[in-house]
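Visitor: Need coordinates for the following:
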Amino acid sequence: MLELRAVAKRFGGVVATDEVTLEVAKGEVHALIGPNGAGKTTLVGQIAGALSTDSGRIFFNGVDITHQKAYLRVAAGLARSYQITSIFRRFSVLENLALAVQARSGSSFSFWRPVSAERALFDEAAAIAADIGLGERLNSTAGTLAHGEQRALEVGLALATNPKLVLLDEPMAGMGPQESQAMIALIEKIRSRVTVLLVEHDMDAVFRLAARISVMVNGRLIATGTPGEIRADPAVRQAYLGEEVAA
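Guide: I've put the predicted structure just below:
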């Protein structure tokens, strides 16, 4: 579903992503891990279209999207969440999700049309809210939600675009144990209908969720394999996971 061929990005003299070649298969949860500053978020930005790519090629569903605008990638089925929560904080949960559904469906919210004409849009938004565990919080202002709920809402915004692949950039950042478990359950729930590229520091979540794991260090991929293969890889142990995994 997603293929990167020798993708690179430089910021002046800093090489953020260095000849990254990666494949994400349809229907899998593929985790991308590595220490802070490894280049993971830069790579997600290149895939999503928020950052330009200096060299290499990016293919989505067999189509070269290397220089495609971000909104066109979303329309093609490529959605993302952000490392720093990005939601409409002053709008309700329902309004957040309705806006995302509207962006995909092209509904105009015309002033002169009866509100019943938009009922299908709000019904779909409510269904997504229930799917992500916020069905009881439809009318709550997004900014008043707990941190874990806000992260779930952001995943809901991505799901509202009806994606084929979702890029989740550290969805469990800043969460406590209970919130992390809720996010893991949400990802397990959606994995049956959408491919996931997961950037995450929570190793328990990564090894529980991912079919395959790629390890990034200093802008380069040093290993890709199953969780068992990554646990046993000497280069990974030395560069990132260390003796904690051996134990």
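Visitor: and the closest residue to L4 other than its chain neighbours, how many neighbours does it have?
Guide: Leaving out its chain neighbours, the residue that sits closest to L4 by C-beta to C-beta, 6 or more residues apart in numbering is L22, at 4.4 Å. All C-beta atoms are positioned from the backbone trio N, CA, C, and that covers glycine. L22 has 19 neighbours, counted by other C-beta atoms under 10 Å.
Visitor: Which parts of this protein are helices?
Guide: Assigned by DSSP state H, the chain shows helices spanning 40-48, 70-76, 93-105, 119-131, 147-159, 177-190, 203-209, 227-232, 234-236, 243-246.
Visitor: Same list, those helices, but as JSON lines with mean neighbour count and mean pLDDT please.
Guide: Converted to JSON lines, those look like this (neighbours: other C-beta atoms under 10 Å; pLDDT from 0 to 100):
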{"stretch": "helix 40-48", "mean neighbour count": "23", "mean pLDDT": "96"}
{"stretch": "helix 70-76", "mean neighbour count": "15", "mean pLDDT": "93"}
{"stretch": "helix 93-105", "mean neighbour count": "21", "mean pLDDT": "88"}
{"stretch": "helix 119-131", "mean neighbour count": "17", "mean pLDDT": "90"}
{"stretch": "helix 147-159", "mean neighbour count": "22", "mean pLDDT": "94"}
{"stretch": "helix 177-190", "mean neighbour count": "16", "mean pLDDT": "93"}
{"stretch": "helix 203-209", "mean neighbour count": "17", "mean pLDDT": "93"}
{"stretch": "helix 227-232", "mean neighbour count": "16", "mean pLDDT": "92"}
{"stretch": "helix 234-236", "mean neighbour count": "14", "mean pLDDT": "87"}
{"stretch": "helix 243-246", "mean neighbour count": "10", "mean pLDDT": "47"}
